[in-house]
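*Asks:* can you look at this prediction? I've put the sequence above it.
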Amino acid sequence: MFLKSIYKINNLFSKSKLLVQNRYFSSINIAATNKFNNMKIGTHDGVFHCDDALACFMLKLLPEYKNAEIVRTRDTSKLEECDIVVDVGAEFNHDKKRYDHHQREFTDSLSSLRPELGNKYKIKLSSAGLIYTYYGEQVLQQLAPKEVPLTAADLKIIYKKVYENLIEEIDAIDNGVPIAGEEPKYKIRTHISARVGRLNPEWNSSQNINLDESFGKAMKLVSDEFLHTVNYFISVWLPARDYVKSSLENRFQVHASGKILEFTERFPWKEHLFDLETEIGIGGEIKYVLFNDKPKSWRVQAVPVNPTSFVTRKPLHPKWWGVRDELLSGVANIEGCIFCHSTGFIGGNTTREGALRMAIGSLEAEDQK
């Protein structure tokens, strides 16, 4: 049922994504004025970046701007004629719909403009971040399948996750915020901001490139990334959260300790577990999760100390590490063992009962010194 519900929502979102792309990119002509809609979105001309392309794309997802003309200029008189201006104009004024972030005095972040979201979002905003700050919820509601509308609580969660997993990165790169306090050992050169940058002509190019047409290509590129991110969090990530929540509520039916969860599917669960543990006040208590990997294959996985860590709260029994099959079954005194990873973060058994016994045995084992 869980996978079927994800498939249904994914299918609905895929249809929504196709409609979006057909609507905005079947014939991009950013200079064409629609006679039924004289709205204008202003942004700078010349070399473009990921933030202005994404800002314009998000605006065109909204009903009031979907037919708007995009005016790329630095001419102040032309910008004054625009209904909304992003990434140019040396002015940030939400009431006037002016969203430039290049002024010396501009220091705003998502947390400073939306303090109700908490104090964790401290990266200075780009034009994409500014548009997302004020219009992000409306954009997400436009993209959510109408057959499965987002609740207010779910919308707030998705809004933050899309910011954390896409917009924040664009804000940081555009504003030159380093990813670490020291020089990284290597650089990532294939991120979305870099790919948008490649659409600009090289300094020594002899080709006569129409930058407005290239900007349209940039909008198409960022649209794919943005829609993929939103689709993931609405149709894959959010249903998984509900599944983890249900498993937490039923954890004492799995084992009296309440420290072992059982999933009947394989799906992304780590972020949800940490968030939900905090919400219900049991942070750090869950030690293992069981899940069905494939027929006659169950896994028992040790919960990490944080969602991206390889260090676990309590690894599987240290005497089992790196042992396999019949030998492992003998050492553990549990039938059907398949393997235990050499670091003790995951193991396998042919049955659900065997995997549960591996979790219980590891739970009762003394910590490795």
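*Replies:* Structure's in. What do you need? All values derive from a computational prediction rather than experimental measurement.
*Asks:* tell me how many other residues crowd the closest residue to F48 other than its chain neighbours.
*Replies:* If the residues on either side of it in the chain are set aside, F48 comes closest to F215, at 5.0 Å by C-beta to C-beta, 6 or more residues apart in numbering. All C-beta spots, glycine's among them, are computed from the backbone N, C-alpha and C. F215 has 25 neighbours, counted by other C-beta atoms under 10 Å.
*Asks:* distance of the residue of the chain most remote from its centre from R324?
*Replies:* For the chain, the residue at maximal distance from the C-alpha centroid (C-alpha atoms, centre = their mean) is G330, at 43.5 Å. In this view, G330 and R324 are 11 Å apart by C-beta to C-beta, to the nearest Å.
*Asks:* now swap in E69 and tell me
*Replies:* Taking C-beta to C-beta, one finds E69 at 65 Å from R324.
*Asks:* these two: which is more packed in?
*Replies:* E69 (19 against 14).
*Asks:* hey, what's the more buried one bridged with?
*Replies:* Beta bridges link E69 to K40, judged by DSSP bridges.
*Asks:* hmm, it is touching I41, no?
*Replies:* Yes. Under the criterion of C-beta atoms under 8 Å, E69 makes contact with I41 at 7.2 Å.
*Asks:* okay, strands next: where are they in the stretch 201-350 of the chain?
*Replies:* Applying DSSP state E, counting those that start in this stretch to the stretch 201-350 of the chain gives strands spanning 260-263, 288-294, 297-302, 337-340, 346-349.
*Asks:* point out the most buried one among the ones you listed.
*Replies:* strand 346-349 (a mean of 24; mean count of other C-beta atoms under 10 Å).
*Asks:* ok, K96 - contacts?
*Replies:* Counting by C-beta atoms under 8 Å, 6 or more residues apart in numbering, K96 touches no other residue.
*Asks:* how about the contacts made by Q141?
*Replies:* Here Q141 is in contact with 149-150, 155 (C-beta under 8 Å, 6+ apart).
*Asks:* that one should be in a helix, yeah?
*Replies:* Yes. Using DSSP: H, G, I helix; E, B strand; the rest coil, the assignment for Q141 is a helix.
*Asks:* look up how far Y159 lies from it.
*Replies:* Counting by C-beta to C-beta, the gap from Q141 to Y159 is 10 Å.
*Asks:* re the thing from before, any quick PyMOL command for the buried ones out of the contacts of Q141?
*Replies:* Typed into PyMOL, the next command selects the buried ones out of the contacts of Q141 (criterion: 16 or more other C-beta atoms under 10 Å):
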select buried, resi 150+155
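*Asks:* how far away is L166 from A128?
*Replies:* 9 Å.
*Asks:* out of these two, which sits in the busier spot?
*Replies:* Each of L166 and A128 has its neighbours counted (other C-beta under 10 Å); A128 has more, 33 against 21.
*Asks:* residue ranges with poor pLDDT in the chain?
*Replies:* Low-confidence segments of the chain (pLDDT under 70): 1-37, 367-369.
*Asks:* need phi/psi at the most centrally placed residue in it.
*Replies:* For the chain, the residue sitting closest to the mean C-alpha position, by C-alpha atoms, centre = their mean, is N165 at 3.6 Å. Phi and psi for N165, reported as degrees, to the nearest 10, are phi -100, psi 0.
*Asks:* sorry, back to before: so how far is A55 from the residue nearest to F48?
*Replies:* 12 Å.
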